[in-house]
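Chemist: The following comprises the amino acid sequence and a computationally predicted model.
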Amino acid sequence: MNIRSLTRGDGVVIGAAVVLFIASFLDAFDSPGGDIPNAWDSLGLVMGMYVSGIIGAVLIVVARGFGQPRQVVGLDLGQFGVALTIFSAWTALWTIFDPFSFYSDSVPDSVSAGVGLILGLIAALILAAAAVATPLVPALKGALVGAPRPQQPQPYGQPQGGYGYPGAQQQPGQPYGAQPGQPGPGQPGQPGPGQPYGQQPQAQAAAPAPQPAPTQGGASDFSPFWFAVPVPRPLYAEDGNPTPIAELAPGTWYLAVEQRGPGLIAQTQDGRRGVLQDTSGIQRG
């Protein structure tokens, strides 16, 4: 489960669920008496209004954290969670209109709805509204937890200095094992074999510097970089298959390794590569 894939709307869902849980322990009625019941004194009220909303919030957050759609008995967890939050809000609304239906034997008609029912109604309405509006409102699609900025990766193919790397090659005419800048036989400042001391060596033709191989399609202009997406984006296979192979989640950094027309070849944390067709609004690392 990836916590960084949670959105701001999921944060509202979590907060409303916490308030809904707290409201279940508060007084269900406003009465001057000392023994005032709460939602846990009625199984029908606590399950229909409070527990159903809390379970719905948990299913929404779990489904978002996994990234890929999760199904149980053919039902999508996220969609089932949204349905539970709507049921919770519906039950809370009608309970406010008739707060005594669950306590008809123990509560007189002279009392009114208490802070537990009122706060529970507000939390249930906010919970259902956030669950429905998160996929639709751009402001709620943003990442809840920002990802730390990664270190800038070295461009592929960049030579490195030191022994054994392409950047540390021998100079023409230098003996094997000689240090760079140390003159070898036949070089100025050191006589060659059989040559009198002080005699200048014959000038040797300078070897032409190797020309770099021509690149195709301007690939040398592209350097890999880290990026994050503002909203969930599908990642398609490089062979053009229309079925997505993964989904890039907000709050997670991905590596762009190649330019493919207007899109990017992106690599996920598990090593999968694919084409990101929609690159609008991405954040470069």
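Modeler: Great, that's in hand. Numbering: from 1, shown residues only.

Chemist: Let me know whether my guess that Ile22 is in a helix holds.
Modeler: Yes: according to DSSP: H, G, I helix; E, B strand; the rest coil, Ile22 belongs to a helix.

Chemist: lowest-pLDDT helix or strand in the protein?
Modeler: Within the chain, no helix or strand scores below strand 71-72, which has a mean of 75 by mean pLDDT, DSSP states H and E.

Chemist: counting contacts, what elements does the top strand by length along the chain pack onto?
Modeler: Identified as the longest strand of the chain according to DSSP state E is strand 254-260. Contacts defined by 3 or more CB pairs under 8 Å, 6 or more residues apart in numbering; DSSP states H and E place strand 254-260 against strand 225-228, strand 263-267, strand 273-276. In short, each C-beta sits where N, CA and C put it, glycine included.

Chemist: in its sheet, what does that strand sit against?
Modeler: strand 225-228 (antiparallel), strand 263-267 (antiparallel) (DSSP bridges).

Chemist: What residues of that strand count as buried?
Modeler: Neighbour counts over strand 254-260 (16 or more other CB atoms under 10 Å) mark 254-258 as buried.

Chemist: what's the closest of the residues you listed to Ala92?
Modeler: Tyr254 (41.0 Å; CB to CB).

Chemist: Show me the shaky parts of the stretch 151-285 of the chain.
Modeler: 151-220 (pLDDT under 70).

Chemist: of the buried residues of strand 254-260, closest to Arg284?
Modeler: Of those, the one sitting nearest to Arg284 (CB to CB) turns out to be Ala256, at 8.7 Å.

Chemist: pretty sure that closest one contacts Thr268?
Modeler: No: checked against CB atoms under 8 Å, the pair Ala256 and Thr268 is beyond contact range at 11.5 Å.

Chemist: check which helix or strand covers Leu235.
Modeler: strand 233-236 (DSSP states H and E).

Chemist: ok, residues contacting that strand?
Modeler: 242-248, 266, 268, 272, 274-278 (CB atoms under 8 Å, 6 or more residues apart in numbering).

Chemist: Most widely separated two among the residues you listed?
Modeler: Pro242 and Thr268 (18.8 Å).

Chemist: Looking at the two, which is more packed in?
Modeler: Neighbours per residue, other CB atoms under 10 Å: of Pro242 and Thr268, the larger number sits with Thr268, 17 against 7.

Chemist: Need the phi and psi values for the more buried one.
Modeler: phi -90, psi 180 (degrees, to the nearest 10).

Chemist: ok so, going back, could you list the residues in contact with the least confident helix or strand of the chain?
Modeler: 77, 80.

Chemist: So what are the sheet partners of it and their directions?
Modeler: strand 75-76 (antiparallel).

Chemist: mean confidence score for the partner strand?
Modeler: Averaging pLDDT along strand 75-76 gives 83.

Chemist: And stretch 229-240, what's buried?
Modeler: So stretch 229-240, judged by 16+ other CB under 10 Å, has buried residues 229, 231, 233-236.

Chemist: Which of those sits closest to Pro99?
Modeler: When the buried residues of stretch 229-240 are compared against Pro99 (criterion: CB to CB), the nearest one is Val231, at 40.9 Å.

Chemist: Please consider this matter closed, and thank you.
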